[in-house]
Structures are given as C-alpha cells and as structure tokens.
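1. Here's a sequence, model it:
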Amino acid sequence: MMDFIMVPLVVGICVAGTYGLFELFARRKERLLMIEKLGDKLDASSFEGQIKFPVPFPKVSFSALKAGCLLAGIGLGLLIGFVINISVASSGAYVGEGNWFNREIAGTAFGASVLLCGGIGLIIAFIIETKMAKKN
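-> The predicted structure is shown next:
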C-alpha cells in the first residue's frame with residue numbers, strides 16, 4: 001500500500017546512518033588530536049584558582065504538570081466527542097445503519113475534540129508554569 005514511500009525512506013535512513021558513523025569517528029579523531037596538542041603545553045598548575053564551578057539553582061521541572069494537563073485534556077476531549085456523537089446519533093440525522101457518513105462524523109468529532117482539549121490543557125499548563133515562575 002505504501003510501496004512508493006518505502007524505497008526513499010530506507011535509502012534515506014541508510015545514508016543518514018552512514019553519515020552519522022563517519023561523523024562520529026571523524027570527530028573522535030579530531031578531539032584526540034586536540035587533546036594531544038594541548039596536553040604538551042598545559043599542566044595542572046596553570047589552572048589553580050581560575051576554575052570555579054557554578055552552584056546550580058534548583059530548577060523545578062514542570063513535566064508532570066504538562067503531562068497531567070495533556071492527559072486531562074485528552075480525557076475531556078474523548079468525553080466531549082462521545083457526547084457529540086451520542087447527541088447527533090440520537091437526533092435521527094443519520095439515515096440507515098452502517099452508513100459511512102456515521103463513521104466519518106464520529107471520527108471527526110472524536111479527533112477534533114481530543115486535539116482541541118489536549119491543546120487547551122497544554123495552554124493551561126503553560127499559564128500555570130509562567131505564574132509559578134513569576135512568584136519565584
């Protein structure tokens with residue numbers, strides 16, 4: 001079914017993999033040469049008192065908030081899609097059982113409501129994150 005895309009896809013993956021391997025080995029060789037050149041000129045006494053390690057600030061990760069809001073939005077979107085599907089199906093707008101139009105409307109209602117509510121959930125997570133960042 002998707003034969004027209006498989007050949008370019010496989011060729012692209014093979015070319016990218018080969019390029020990645022060559023790039024990996026070339027960079028490794030360059031780094032080793034740089035270390036050898038710098039190793040002869042520098043010693044540990046030249047760095048005394050100059051290297052200071054920064055103290056990292058405790059960074060709060062909002063990944064759980066984003067994931068939670070996204071999943072809540074997807075759940076809400078599924079619920080809204082189900083309600084839309086039931087309300088339209090019970091109104092008698094469909095003619096006959098097994099009509100392809102029924103499946104198209106149901107798929108569109110579910111897909112659109114899931115994407116819309118998932119996006120709204122991520123926007124809410126962003127707003128909460130910016131408000132919490134302003135407090136600190």
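2. Output the below-cut-off pLDDT ranges for this protein.
-> Screening the chain residue by residue with the criterion pLDDT under 70, one finds the ranges 1-2, 40, 42-60, 89-103, 136.
3. Tell me where it has helices.
-> Counting by DSSP state H, the segments of the chain that form helices are 3-41, 63-90, 100-135.
4. Show me the domain layout of this protein.
-> The record's domain parsing of the chain by automatic domain parsing lists 3-47, 63-135.
5. Let me have those domains in a markdown table, adding mean neighbour count as columns.
-> (C-beta placed from N, C-alpha, C; glycine too.) As requested, these are arranged in a markdown table below (neighbours: other CB atoms under 10 Å):
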| stretch | mean neighbour count |
| --- | --- |
| domain 3-47 | 9 |
| domain 63-135 | 14 |
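6. From Leu122, how far off is Glu23?
-> Taking CB to CB, to the nearest Å as the measure, Glu23 falls 35 Å from Leu122.
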